[in-house]
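>>> fold the following and give me the result.
(chains A and B)
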2 protein chains.
Amino acid sequence: MRTFAVVGHLARTDGTFSLEDLPGSAGRMDLLCRCVRASLFLSHGLRRDVECRLLLLGPPDPPRIVRFSGERVRSLSPDERSAGSLLKKALSIPAGDLYRESTPGVTVRRGSLQDLLDGGFWAVLDERGRDLRKEEQFGDRFLLSDHRDFTPEEEALLAGLPRYSVGPRALHADDAITLVQNEMDRREAAWS
Amino acid sequence: MRTFAVVGHLARTDGTFSLEDLPGSAGRMDLLCRCVRASLFLSHGLRRDVECRLLLLGPPDPPRIVRFSGERVRSLSPDERSAGSLLKKALSIPAGDLYRESTPGVTVRRGSLQDLLDGGFWAVLDERGRDLRKEEQFGDRFLLSDHRDFTPEEEALLAGLPRYSVGPRALHADDAITLVQNEMDRREAAWS
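Modelled structure (predicted):
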């Protein structure tokens, strides 16, 4: 299953943030909401074979992991407020060390980057990585950072993972997800 | 100059819409706002050599054209509300047959699809088109529709224009813009 995971270094970890201020007081939650869209949406429907995981590291009670399952999610629209609203609900329930469902297809737990990467073959999307388009093969789990670089502690955990770039310009995380999806779609359909 | 133009078949044509309901009563304005982001934003800055034009055809007073200039726009953030807020301002000033600036880098006029395509070599992004990646050459002006197909009247105006597809799956207009930008970035940087 394709999995995209995004680290939100400033993203709020309770449900009190305002949908009217996703970029500011919610800690660039707008970007994370767009990553959910880029992961799960086709033109007229959902990608049922994709999961999007968000690691939220902002105040008041980090870390939290929220997962959106394309197979099971309901009541999700492409706009930022829609994903933001489901995130608010996920961050409003008590979080333990196991995933718990807050709304259909959305699950939340207390958990770190290590918990986020729970097995599987991960790659890091990084503008200094190798060109994904030129790789003969790659896995189906991709980790991205938000508008901030990975911290030294995070980098230590990611040492040894393959790193891929999607193009010559540094792009928003949601654009990078769109470009990876396209490369995978093309290969599945024997387009490239 | 790279130019992306998007037809918003239902998009509201006055400034009374709510930023809290861009997908609904504003007529899928959320999608148009994301097209502005995909056209103009790099990771940490604006694409100064890009213009995004929106054709708004919804009530109460269509048609309107709003242009965002990457070179001159100010106070624009990547989130939907930010572009939506500049659109509200653009749609709140009286519109004539000439472009008039509503805020820095944002201009508005009364105008049709024909007015939108004011010269230049346009191509249509269309999932039934030829694979853009396999084209040896293409222009720098791309027209897209929102979540609706072009109408028969619009199609008549577009007859004869080249049509390109960005991949095997039908995607949101903002994803298609991201993919075209990437193809152009790669060619400019001799990456592909």
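>>> tabulate the CA atom coordinates of the helix ranked longest in chain A in CSV.
The single longest helix within chain A, with elements called by DSSP state H, is helix A:173-188. Listed next in CSV are the C-alpha coordinates belonging to helix A:173-188 (Å, rounded to 0.1, in the frame of the first residue of the first chain):
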residue,chain,number,x,y,z
ALA,A,173,5.5,18.7,0.5
ASP,A,174,2.1,18.3,-1.2
ASP,A,175,3.6,18.9,-4.6
ALA,A,176,6.2,16.3,-3.9
ILE,A,177,3.5,13.8,-3.0
THR,A,178,1.6,14.6,-6.2
LEU,A,179,4.8,14.0,-8.3
VAL,A,180,5.5,10.6,-6.6
GLN,A,181,1.9,9.5,-7.1
ASN,A,182,2.2,10.4,-10.8
GLU,A,183,5.5,8.4,-11.2
MET,A,184,3.8,5.4,-9.5
ASP,A,185,0.6,5.8,-11.5
ARG,A,186,2.7,5.9,-14.7
ARG,A,187,4.6,2.8,-13.9
GLU,A,188,1.5,0.9,-12.9
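>>> could you check the angle helix B:173-188 makes with that helix?
80 degrees (axes from the mean of the first three to the mean of the last three CA atoms, to 10 degrees).
>>> chain A: strands as residue ranges?
Taking DSSP state E, the strands of chain A run over residues A:2-8, A:41-42, A:45-46, A:50-56, A:64-69, A:100-103, A:106-110, A:122-131, A:141-145, A:163-165.
>>> closest one to residue A:87 among those strands?
Taking CB to CB, strand A:64-69 is the member of the strands of chain A nearest to residue A:87, at 6.1 Å. From N, CA and C alone the C-beta is placed, and that goes for glycine too.
>>> show me what that closest one is packed against.
If you count contacts as 3 or more CB pairs under 8 Å, 6 or more residues apart in numbering or on different chains; DSSP states H and E, strand A:64-69 packs onto helix A:29-40, strand A:50-56, helix A:80-90, strand A:106-110.
>>> which of those sits closest to chain B?
Smallest distance to chain B across these (CB to the nearest CB): 3.9 Å, for helix A:29-40.
>>> returning to that earlier point: I'd like the strands of chain A laid out as JSON lines, including mean pLDDT.
Formatted as JSON lines, these follow (pLDDT from 0 to 100):
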{"stretch": "strand A:2-8", "mean pLDDT": "98"}
{"stretch": "strand A:41-42", "mean pLDDT": "98"}
{"stretch": "strand A:45-46", "mean pLDDT": "96"}
{"stretch": "strand A:50-56", "mean pLDDT": "98"}
{"stretch": "strand A:64-69", "mean pLDDT": "98"}
{"stretch": "strand A:100-103", "mean pLDDT": "98"}
{"stretch": "strand A:106-110", "mean pLDDT": "98"}
{"stretch": "strand A:122-131", "mean pLDDT": "97"}
{"stretch": "strand A:141-145", "mean pLDDT": "98"}
{"stretch": "strand A:163-165", "mean pLDDT": "98"}
